[in-house]
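# Here's a sequence, model it:
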Amino acid sequence: MSDIPADICRAPDKASECLPTLPRLARLPINRCNLPADILGGLTYQRHPTPLQIDGVADLHKPLWALLDDIPGAGERAGRFAVYMENHFCLRHPEDAGLVKGQSGARAKASYLRVVRGWAFDSESREAAVLKGWVESRFGLTPRHHGEPLREPGSTAWQRYVEIRAQGLRGTNALEAQLDLLYAYTQYELARQFPQRTHLRLYRGVNRLAEHETVQDSRQGEKVLLLNNINSFSRSRERAGEFGDDLLAVDVPLPKLAFFSCLLPGMLRGEDEYVVIGGLYRVRLARF
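The predicted model follows:
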């Protein structure tokens with residue numbers, strides 16, 4: 001397994017200015033991490049991020065961090081993490097987690113790996129709805145699109161999304177808790193390998209840019225966009241450029257990386273993909 005790429009930059013240092021705020025319907029009043037959604041989803045956070053921690057995860061899994069602390073190689077740490085996940089969540093034997101043997105069904109074996117694969121295959125899939133719901137629950141950022149625009153909770157489109165999300169979670173074994181630990185491990189690896197870094201320059205190819213939620217056109221070649229609550233980016237501008245007519249360049253805070261291509265063996269390898277928690281972002285139109 002390759003190391004995390006080294007082209008991570010420090011936080012931008014710009015003069016203070018009047019910044020747009022995260023719209024009310026794009027956030028919840030409560031979440032399950034150490035910062036409220038209006039802060040972590042805003043532009044000030046993009047410039048000056050601080051660590052994000054999902055409630056209780058670090059303390060609950062102290063034995064894992066102690067084990068990883070003694071392992072110098074990222075590849076071996078990834079292997080130990082996978083084994084820990086398998087054992088802690090009884091991924092091979094869900095009946096050991098209290099599910100009735102022979103009656104648990106295929107959904108009981110749905111895991112964080114299946115969610116990642118489903119997202120990589122289709123960002124509007126059932127697994128993607130689970131991932132969007134996890135971001136909504138943990139970080140308080142509501143999804144803006146799933147198969148169709150989601151602009152208001154309670155709408156017909158919103159009800160369809162909630163139904164798909166519920167189908168994805170039904171009968172599973174602590175699936176959102178598995179995603180909690182995947183995120184915590186992502187942040188552990190980033191802090192372990194790059195303790196002084198804050199941002200990563202990522203790229204996203206998009207079509208019909210005018211249909212995206214533009215909050216502000218601040219200057220030539222720059223925009224403030226309200227992104228979906230979770231999104232795919234690439235480290236490679238050439239690869240990202242294959243997916244749209246316009247190419248966006250974004251400085252993404254490391255705490256808003258949910259997971260990425262070289263975190264675990266075989267994860268998201270095809271597109272050098274980085275999965276980014278959403279909110280407001282200042283983006284630049286990049287040249288192909």
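# list the contacts for the residue lying closest to L35 once chain neighbours are set aside?
In this structure, L35 finds its nearest non-sequential neighbour in L52, 6.3 Å apart by C-beta to C-beta, 6 or more residues apart in numbering. Every C-beta, even on glycine, is put in place using the N, C-alpha and C of the backbone. By C-beta atoms under 8 Å, 6 or more residues apart in numbering, the residues touching L52 are C33, N34, L35, L40, F139, Q187, P255, K256.
# So which of those are in helices?
If you go by DSSP state H, the contacts of L52 have L40, F139, Q187 in helices.
# could those residues go into a markdown table alongside distance to E273?
As requested, the ones in helices among the contacts of L52 are exported to a markdown table (distance: C-beta to C-beta, whole Å):
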| residue | distance to E273 |
| --- | --- |
| L40 | 22 |
| F139 | 20 |
| Q187 | 18 |
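# Show me the strands in this protein, by range?
For the chain, the strands defined by DSSP state E occupy 8-9, 199-206, 214-219, 222-234, 246-253, 257-260, 273-286.
# contacting residues for Y45?
L35, I39, P253, G279.
# okay, the nearest residue to P36 once chain neighbours are set aside: pLDDT?
Using C-beta to C-beta, 6+ apart and skipping the chain neighbours, the partner closest in space to P36 is G140 (6.7 Å). Each residue has a pLDDT score; the one for G140 is 98.
# so where's the stretch 1-150 of the chain shaky on pLDDT?
1-17, 96-108 (pLDDT under 70).
# repeat that for 50
1-16, 103 (pLDDT under 50).
# The residue nearest to P36 touches I30, doesn't it?
Yes: G140 lies in contact with I30 (C-beta atoms under 8 Å); the separation is 6.6 Å.
# okay, the two: which has more neighbours?
G140 (25 against 9; other C-beta atoms under 10 Å).
# Quickly note the distance from R237 to Q220.
20 Å (C-beta to C-beta, to the nearest Å).
# try Q196
Where Q220 is concerned, Q196 sits at a distance of 32 Å (C-beta to C-beta).
# And for the closest residue to R282 other than its chain neighbours, the neighbour number?
Leaving aside its sequence neighbours, R282 sits nearest to V224 (C-beta to C-beta, 6+ apart; 5.4 Å). Around V224 there are 18 other residues, counting by other C-beta under 10 Å.
# Run through the residues that contact V224.
P20, L43, T214, V215, Q216, D217, S218, L280, Y281, R282, V283.
# which of the residues you listed are buried?
Neighbour counting over these (16 or more other C-beta atoms under 10 Å) leaves L43, V215, Q216, L280, Y281, R282, V283 as the buried ones.
# Tell me who's in contact with the fourth one.
Contacts of L280 were listed using C-beta under 8 Å, 6+ apart, and they are P20, T21, L22, G41, G42, L43, Q46, V215, V224, L225, L226, L227.
# For the second one, grab the count of nearby residues.
Which is T21. 15.
# That one is in contact with A37, isn't it?
No: applying C-beta under 8 Å, one finds T21 not in contact with A37, separated by 11.1 Å.
# hang on, I54 packs against L182?
No: with contact defined as C-beta under 8 Å, I54 does not reach L182; the gap is 10.6 Å.
# circling back to that earlier point, next, find the distance separating the residue nearest to P36 from Q53.
Counting by C-beta to C-beta, the gap from G140 to Q53 is 14 Å.
# and what of G75?
Counting by C-beta to C-beta - G75 and Q53 are separated by 25 Å.
# G171 versus R201, what's the distance?
40 Å.
# show me what contacts the residue nearest the centre of the chain?
Using C-alpha atoms, centre = their mean, the residue of the chain that lies closest to the mean C-alpha position is A258, 3.2 Å off. Taking C-beta under 8 Å, 6+ apart, we find A258 in contact with L131, V135, L182, Y183, T186, I230, V275, V276, I277.
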